[in-house]
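[1] after the sequence you'll find the predicted model.
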Amino acid sequence: MGCCGSAERTKREWRPLEDRSCTDLPWFLLFTVYCVGMGSICGFTIVTGGADRLIFGYDSYGNTCGRRNEPMEGIKLNGLDHSDRKFVFFLDPCNIDIVQRKIKSMALCVSLCPTEELKTYQDLKRFAMLNGSELCSYELAGHKYPSLPERFSKCPKLPVPPSKPLPVFNRCTPVDISCYAKFAEAVVTFVGDNSVLHRLIAGVAASKEIIIGLCVLALGLSMILMVIIRYISAILVWILTSLVVLGSLAGTSVLWWLYIDHRLYGNDTASKVMKEEVEVSRDSGQALLVYAVAATVFTIILLLLMLFMRKRVALTIALFHVAGKVFIHLPLLTLQPFVTFLALLLFWIYWVLVLLFLGTTGNPVQNEETGLTEFRLTGPLQYLTWYHAVGLVWISEFILACQQMTVAGAVVTYYFTRDKNRLPVTPILSSVLRLVRYHLGTVAKGSFIITLVKVPRLVLMYIHNQLKGKENACARCLLKTCICCLWCLEKCLNYLNQNAYAATAINSTSFCTSARDAFVILVENALRVATINAIGDFVLFLGKILIVTSTAFAGVLLLNYQRDYAEWLLPLIIVCLFSFLVAHCFLSIFEIVVDVLFLCFAIDTKYNDGTPGKEFFMDKALMEFVESSRRLERVVERGRTRVKEAVSEGAEMKPMAPGTSSA
C-alpha cells in the first residue's frame, strides 16, 4: 500500500508525460463541497437580509432603510415602513470606537441628509418642517423639538455638521472629516497641522502620471531581468561567491590584527592605568580572541564548502541559463503573476463582502451598554464566521498552488520535449487544461496541508497580540517559539508541495506519491539543493534590490524636477513598494522554474545515461555540465587506478622475510 492508502508499484517508473489519470479525486470533491458551503454562507446572508442591511443600512431599532419592515418581537419602534426614508443618519457621527470598529451613536432612517449646519433645536424643527426629514427619534414630533425634555438624548448632538450620502451605501457622512477627532489623533500628532498632509496628498495626485510610468518601468525591468540573468548568471554568481569569500577573509584578518595590536600595545599602558581598567582591557583582549577564532573557523568552513561545492555552483549557473531559455520559449509565463493576482483580488473582494454581510446577519439583540439593536449570529450559526475564515486561507493557498502546478506543467513539457521546435502551440494553456482535467484534487490536498499549519499559526499570532503586555515572559517565549516553528514548517511544506506538483506534472501520480518521490530525489541531491537555494535565492534577492533601486533612481530624477522633497517623498515610497512587489512576483516565478528544472534534471540523470534507449532529455547547457562532471570523474578514477596499481606492484616486489618458506 502506498501513501494514504493508495496502491503503488514496488518500483517507481518515471514515464514523463506518457500517462494521464485523475489524481486525488476525493480531495477535489471535498474542496468542491467546501466551496459550495462558502457560497451557501453568501446565500444565507442574502436571504436573511444581511446583505440588504449592509448596503441600504439599518437604524438602531432593527429597521432596514428604504424598505417596508416586518415587526420583530421584543424590540420597540420596529416594523416601520421606511420606503421613503433611504438614508442612515447618525445622531453623533463622530463618536467612533476605533478598537471595536463600531459607531456608538444611535442611527435613524431619514429621507434627506442635512446639507447645512444645524446649530439649534429650532434649526432641527425648521429642517423637519421644510424637508419632511425628522432627525430625532421616531416617537418625537418634529414641531415639538425645541420644547421636548427628551431632546438631549434622542436628538442629534448640536451642532449637526453638514453631510452628504455615501454613494451606494446611503450613509449620511459629515463633509468635514475633522469631526472624527479620535480617528485623526494619530495623523494630527504626526503632521502637526493639515498642511503637510495636504501637500503629500497633492503631491501624489499631481504625480500620478509619473507614478504610473515608474510602475510600468518596474514591470518592464522585472521581465527583462529574467531574460538577462540567462547571459550574466555565470559572471554574477562567481562575483558574488568571490565577494563573500574575500569579505570573510578580510573580516578574519582584521579581527586577528586587532587582537595582536591589543596584545602588543596593551601591556605597555597597563602600568599607567588603574586595576579596574586593566581587567577591562584583559576582557576586551579575550573577547577579540574569541571573535577571531570564531571568524577563522567560519572562514575555513566556508572555503571548504566552496571547494567541495564548486561543481554544484556550476549547476546553479547552468539552471539559470536554461531558465532564461524557458522564458524565451514560453513568454506567457510572465503573465502568470497577473492572472494569479487577479484571481486572488476577486476572491478577496468577495470574501470581504460576505464577511460584512455576516456582520449584519443574525437575530436582533439589544446592546445593554448602548441600548442599540445589533444583529448577531447565535448558536451553531456563530461558527459560520470561522468556516468563512478557514475558507480564506484554503482557497487562497489553492489559487497559489494552481499557479505552481501550471508553471510546473509548462516547464516539464519544455524539459521532456526533445525537439524544442515541436513544443505545443500554447504550453501554458495545455498545462492549465491538464490541471483542470486531472489534478485539481492534488492541488486541493496540497493547499489543505498548508492550511492545517497556517491557521494555527495565525490563531497563535492573534492570541499573542491580544495578550501583549499581559502574559509573563515564559508564556511569551513559548508562544513565539510555537509561531516560529509553525512558520518554519510551513516554509518546508511549501517547498515540498512545489516539488510534489512538479512530480505530479511529470508522472501523473497522487499528491502523497509525488511528495514521496520528490523527497527521495531531493535527499539524494541534498548538497545540490542547498547550493541552488542558497546561491539562487541570494542572486534573485539582489535582482529585486536592483529593480527597486533602479526604479527609485529614475523616480528621483523625474520627480525632483517639479517638486520639493516633502511633496515627492510619498510618491517615491509608493513607487518603491510597488516595484518590490512586482519584482517579487516575477522573480518568484523564475525561482519556481529553476526548482522544477532541477527536479527534472535530477530525474533525468538518475534514470538516463545517454546510451541508446536512455538518451538524456536535458538542454545543451546542462549536457555540457554533465559531460564536464564525467570527465572530471574519469580523471579522478584514472588517478585512483594508478595508485592501486602502484601499491600492488610494490607488494609483489617486496622480498620475503627471512625464516619463511612456501607452503
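    Noted; the coordinates are in hand.
[2] which residues of the stretch 501-650 of the chain fall in helices?
    Applying DSSP state H, counting those that start in this stretch to the stretch 501-650 of the chain gives helices spanning 511-524, 526-559, 565-607, 620-653.
[3] looking at these, which is nearest to residue 152?
    helix 565-607 (44.0 Å; CB to CB). (Each C-beta comes from the backbone N, C-alpha and C, glycine too.)
[4] max-length helix in this protein?
    The single longest helix within the chain, with elements called by DSSP state H, is helix 208-266.
[5] which strands and helices sit next to that helix?
    If you count contacts as 3 or more CB pairs under 8 Å, 6 or more residues apart in numbering; DSSP states H and E, helix 208-266 packs onto helix 275-308, helix 310-329, helix 526-559, helix 565-607.
[6] again, only this time at 10 Å
    helix 275-308, helix 310-329, helix 336-359, helix 526-559, helix 565-607 (3 or more CB pairs under 10 Å, 6 or more residues apart in numbering; DSSP states H and E).
[7] distance of residue 578 from residue 367?
    Computed with CB to CB, to the nearest Å, the distance linking residue 578 and residue 367 is 42 Å.
[8] more crowded one of the two?
    Each of residue 578 and residue 367 has its neighbours counted (other CB atoms under 10 Å); residue 578 has more, 18 against 13.
[9] show me the contacts for residue 617.
    Residues in contact with residue 617 (CB atoms under 10 Å, 6 or more residues apart in numbering) are 16, 414-418, 600-601, 603-604, 608, 623.
[10] what pLDDT is listed against it?
    Listed pLDDT for residue 617 reads 79.
[11] now do residue 193
    Residue 193 is given a pLDDT of 41.
[12] do residue 307 as well
    71.
[13] give me the number of residues near it?
    As a burial measure, residue 307 scores 8 neighbours (other CB under 10 Å).
[14] ok, now residue 14?
    Quick note: residue 14 (other CB under 10 Å) scores 17 neighbours.
[15] ditto for residue 351
    With other CB under 10 Å as criterion, residue 351 counts 18.
[16] what's the answer for residue 622, then?
    23.
[17] quick check: nearest residue in space to it, chain neighbours excluded?
    residue 318 (5.2 Å; CB to CB, 6 or more residues apart in numbering).
[18] again, but for residue 446
    Per CB to CB, 6+ apart, closest to residue 446 is residue 497, 4.4 Å.
[19] who's in contact with that neighbour?
    Residue 497 touches 397, 400-401, 404-405, 442-443, 445-447, 449-450, 511, 514-515, 518, counting by CB under 10 Å, 6+ apart.
[20] ok, of those residues, which one's closest to residue 490?
    Of those, the one sitting nearest to residue 490 (CB to CB) turns out to be residue 450, at 6.4 Å.
[21] is it true that the closest one touches residue 494?
    Yes - in terms of CB atoms under 10 Å, residue 450 counts as a neighbour of residue 494; the distance is 6.5 Å.
[22] so residue 108 is in which element?
    Using DSSP states H and E, residue 108 falls within strand 107-110.
[23] which strands and helices sit next to that strand?
    Counting by 3+ CB pairs under 10 Å, 6+ apart, strand 107-110 packs on strand 87-90, helix 121-131, strand 172-174.
[24] and the helices of the stretch 501-650 of the chain, which one is worst for confidence?
    helix 620-653 (a mean of 64).
[25] okay, now the unreliable bits of the stretch 251-400 of the chain?
    265-285, 305-306, 308-312, 368-371 (pLDDT under 70).
[26] go again using 90 as the cut-off
    For the stretch 251-400 of the chain, the stretches with pLDDT under 90 are 251-338, 341, 353, 355-385.
[27] quick one, helices of the stretch 351-500 of the chain?
    Under DSSP H, counting those that start in this stretch, the stretch 351-500 of the chain gives helices at 384-415, 427-434, 440-466, 473-507.
[28] what's the closest non-adjacent residue to residue 394?
    residue 451 is the one closest to residue 394 (CB to CB, 6+ apart), at 4.5 Å.
[29] and the one you found, how far from residue 304?
    Applying CB to CB to residue 451 and residue 304 gives a distance of 41 Å.
[30] compare those two (neighbour count), which wins?
    Counting neighbours by other CB under 10 Å for residue 451 and for residue 304 shows that residue 451 has the greater number, 20 against 10.
[31] need the pLDDT of the residue lying closest to residue 372 once chain neighbours are set aside.
    Computed as CB to CB, 6+ apart, the closest residue to residue 372 that is not its neighbour in sequence is residue 60, at 4.3 Å. According to the prediction, residue 60 has pLDDT 85.
[32] all further residue positions should be reported with the first residue as 457.
    Sure, I'll start counting at 457 from here, so that last one is residue 516.
[33] distance between stretch 851-862 and the chain's centre?
    13 Å (CA atoms, centre = their mean, to the nearest Å).
[34] hmm, back to that, quick one: which of the helices and strands packed on helix 664-722 is nearest residue 491?
    helix 792-815 (10.6 Å).
[35] nothing else from me, thank you.
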